[in-house]
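Colleague: Kindly generate the corresponding structure for this input.
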Amino acid sequence: MKIINFPNKRRIDKSIKNDDPLLMLISFDGATVIVGNIDDCLEHHILLKKAGLPETDLEKYYRVIANKTEASWTYVCPASYLNIKNREFRLKKYYENGIDEIERALKLLNYNVPIDIPQRYRRHFDALKDDSR
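Modeller: Down below sits the predicted model:
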C-alpha cells in the first residue's frame with residue numbers, strides 16, 4: 001500500500017501521537033491510502049482534493065475516520081462497485097472487501113481498533129443483513 005500523508009508524514013505522526021481523528025481514504029484495490037488530520041481537511045472529498053486528486057474520484061475509496069480507539073466507516077456502496085449488477089452481492093462484496101482493506105490500512109498506522117459503521121450509514125449495511133434472511 002502506498003500512503004499519501006497530507007500535508008506530510010510529520011503532521012500525521014503528530015496527529016497519531018495526539019490521538020487526533022484522521023480522515024482516511026483507502027482505494028478499492030488497496031493500492032493507496034490517503035491520510036489527513038480531520039482539522040486540516042474537514043471532509044473526505046476535501047482531503048482528496050488537497051492530495052491532488054479529483055473530488056469526483058471519491059467513489060473509488062472506502063472512507064474512514066480513525067483514532068486510537070475506533071474507526072468509523074462511511075459505509076456508502078456505490079452502484080458501480082466492481083461493476084456488480086446484483087445489489088445484494090455488490091453490498092456483500094463491498095462489506096467483505098472493505099473490512100479487509102480498512103484493517104490493512106489501519107495496521108499501517110499501528111491502529112488495532114474495531115471498525116464501526118455509524119447509525120447514519122447503516123442503510124446499506126442493514127439492507128445486506130435483511131437480504132440474507
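
Colleague: Residue 37 is in contact with residue 20, isn't it?
Modeller: Yes. In this structure, residue 37 is within contact of residue 20 by Cβ atoms under 8 Å, at 5.4 Å. Any C-beta I mention is one placed from the backbone N, CA and C, and that applies to glycine too.

Colleague: So these two - more neighbours on which side?
Modeller: Between residue 37 and residue 20, residue 37 has the larger neighbour count (other Cβ atoms under 10 Å), namely 21 against 16.

Colleague: who touches the spatially most central residue of the chain in this structure?
Modeller: By Cα atoms, centre = their mean, the chain has its centre lying nearest to residue 63, at 2.6 Å. Remark: with contacts taken as Cβ atoms under 8 Å, 6 or more residues apart in numbering, residue 63 is in contact with 23-25, 44, 73-74, 76.

Colleague: So which of the residues you listed are in helices?
Modeller: residue 44 (DSSP state H).

Colleague: Now do the helices in the chain.
Modeller: 9-18, 38-41, 44-50, 87-108, 122-131.

Colleague: ranking these by burial, who's on top?
Modeller: Among the helices of the chain, helix 44-50 has the highest mean neighbour count (mean count of other Cβ atoms under 10 Å), at a mean of 20.
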